[in-house]
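**Student:** sequence plus predicted model, see below.
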Amino acid sequence: MAITNLFPRVALDFTTATIDPRITFARTGATATRVNSGGLIEAVAADAPRFDFDPVTLACKGLLIEESRANSFLRSQEMDVSPWASGAHNTGIDTNQTTAPDNTLTAERLYENTSTSNHFIAQSVSFTSGVTYTISVFLKKGTRATAPDILQMTLPALAFGTQYANYNISTGQVVTESGGTGTITVYRNGWYRATYTATATSTQTTISVAVGFTNNNASLGRLPSYTGSTNSDVFVWGAQLEVGAFATSYIPTTTAAVTRNADVATITGTAFSGLWRSGPGSILVRALPSSVSGTRPLVQVDDATADNIIALRGNTTNPELYIRAGGSDQATIDAGTISAAAYRLAGAWQAGNAAASLNSGLAVNGAPASIPAPTQMRLGSDGTNYLNGHLQAVQYWPLRLSNASLQNASSTAGYQSIIHPVSRDTIITEPV
């Protein structure tokens, strides 16, 4: 039986920027941001879902689910005041010189002086050995005749060694890396967000993180010394320092560090019991992760314990269907390999038989002895780990789809974004 003839009981399409009323959403504190449908960064109220949009194409990326993170940089948009230091490092700052990525006149202009030395701004923070950190800042070419293409972000040598990255903000490329990993992402109106990630090798307190110039030379090393030019400038905004192996959404700060709490989306109580049928079932998830490090849950149904679980998740680069019943693992089915790019993972189960398919690939089989009886659904989380990315769609069928239908469900052509749930009393059978 073809997948097009099987209507799911649950059909959630988050790329429509709407939340199903059965979902309970929570995120304490009004500290979160998103990219809105106009491509601009904006604040989002507490307990409000974040439907995030691509800043260039303006397409809805889906429901943003992130873990709790803190921005340790103070004055993230005010680099002309303490604790930022500029003049001591042969640079100047003009405040509020151009429109920032949030459509406010808050971006600063950073420029060199003519000293023969290095040229950067910095803020002193503390680091712990063995912890991974990510710094990020929004950059835009300046208006002077020789406005630089190449900017640098660097972590302190005493805590990290020779760790830095150089970025070309004309072509949107990471052109040099040393010791860590850099990324650069295009935003609207000439802006880029540059990030740099590295792991500290020594514990240090009050030591400087820098954003600076490279004499427009991509091959120069960490904080190069050269004679500055009065014609060299760049716009900067939105600095962030967070613990983690990748950057998350922007967290504005003023005089203190700010924490953005985790996004929690669940279906519980009668909302869950009204959609779920115990026993055989199938789920398709379409997701866009920001990272494939660690455990990245897509959908998990459980009984609020660690004893009874059905989950579709990313486990580093492994897309998995995981089943646990009565405190014992029943199946961990690896459907292939994923990267930090959109993918479609479908899983199906019944006692003695389960399978998973990735991106229309052949179904990989497993044989769970028992199937648990869950009482809730978690979206983008297992209660401890978080997707750190975008949920785009979720579909659930109250039957074990055949391997052929499962493969079709995880294909681009087989995915259906507009369908209607079957009646709760309708029982559909299909040969495995």
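**Tutor:** Okay, I see it. Remember, it's a predicted structure, so these values are computed and weren't measured experimentally.

**Student:** mind pulling up the phi and psi values for the closest residue to residue 63 other than its chain neighbours?
**Tutor:** Once flanking residues are discounted, residue 63 sits nearest to residue 14: 4.1 Å by C-beta to C-beta, 6 or more residues apart in numbering. The way it works is simple: take the backbone N, C-alpha and C, and place the C-beta from them, glycine included. Reported as degrees, to the nearest 10, the phi and psi values for residue 14 are phi -80, psi -10.

**Student:** shaky segments in the chain?
**Tutor:** Low-confidence segments of the chain, defined by pLDDT under 70, span residues 1-8, 413-432.

**Student:** which one's the longest helix in it?
**Tutor:** Longest helix of the chain, by residue count under DSSP state H: helix 403-409.

**Student:** sorry, back to before: who touches the residue nearest to residue 63 in this structure?
**Tutor:** 51, 60, 62-63, 390-394 (C-beta atoms under 8 Å, 6 or more residues apart in numbering).

**Student:** ok, now how distant is it from residue 292?
**Tutor:** 20 Å (C-beta to C-beta, to the nearest Å).

**Student:** which residue ranges form the strands in the stretch 251-400 of the chain?
**Tutor:** 258-260, 264-267, 281-289, 295-302, 309-315, 318-325, 328-334, 343-350, 353-358, 364-366, 376-379, 389-397 (DSSP state E, counting those that start in this stretch).

**Student:** let's have those strands in CSV, adding distance to residue 44 and mean neighbour count.
**Tutor:** Formatted as CSV, the strands of the stretch 251-400 of the chain follow (distance: least, C-beta to C-beta, whole Å; neighbours: other C-beta atoms under 10 Å):
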stretch, distance to residue 44, mean neighbour count
strand 258-260, 10, 19
strand 264-267, 14, 21
strand 281-289, 18, 25
strand 295-302, 22, 23
strand 309-315, 25, 23
strand 318-325, 29, 23
strand 328-334, 35, 18
strand 343-350, 26, 26
strand 353-358, 32, 25
strand 364-366, 38, 18
strand 376-379, 17, 23
strand 389-397, 14, 24
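
**Student:** tabulate those (TSV), appending distance to residue 195.
**Tutor:** As requested, the strands of the stretch 251-400 of the chain are exported to TSV (distance: least, C-beta to C-beta, whole Å):
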stretch	distance to residue 195
strand 258-260	16
strand 264-267	25
strand 281-289	16
strand 295-302	18
strand 309-315	20
strand 318-325	25
strand 328-334	29
strand 343-350	22
strand 353-358	28
strand 364-366	34
strand 376-379	26
strand 389-397	15
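
**Student:** run through the bridge partners of the residue lying closest to residue 120 once chain neighbours are set aside.
**Tutor:** Sequence neighbours aside, residue 212 is the residue nearest to residue 120 in space, at 2.5 Å (criterion: C-beta to C-beta, 6+ apart). On the basis of DSSP bridges, residue 212 is bridged to residue 120, residue 152.

**Student:** surely residue 212 is in contact with residue 85?
**Tutor:** No - with contacts defined as C-beta atoms under 8 Å, residue 212 does not count as touching residue 85, sitting 11.5 Å away.

**Student:** find residues that contact each of the two.
**Tutor:** Residues touching both residue 212 and residue 85 by C-beta under 8 Å, 6+ apart: residue 121.

**Student:** among those two, which residue is more densely surrounded?
**Tutor:** Using other C-beta atoms under 10 Å, the more surrounded residue of residue 212 and residue 85 is residue 212, with 24 against 16.

**Student:** what about the residue nearest to residue 63, distance to residue 288?
**Tutor:** Relative to residue 288, residue 14 is positioned 10 Å away (C-beta to C-beta).

**Student:** equivalent analysis for residue 86, please.
**Tutor:** Counting by C-beta to C-beta, the gap from residue 86 to residue 288 is 37 Å.

**Student:** what helix or strand is residue 52 on?
**Tutor:** strand 51-53 (DSSP states H and E).

**Student:** the very next helix or strand once past that strand pairs with which strands, and in what direction?
**Tutor:** Next helix or strand after strand 51-53 toward the C-terminus (DSSP H and E): strand 60-65. Here strand 60-65 has these sheet partners by DSSP bridges: strand 51-53 (antiparallel), strand 389-397 (antiparallel).
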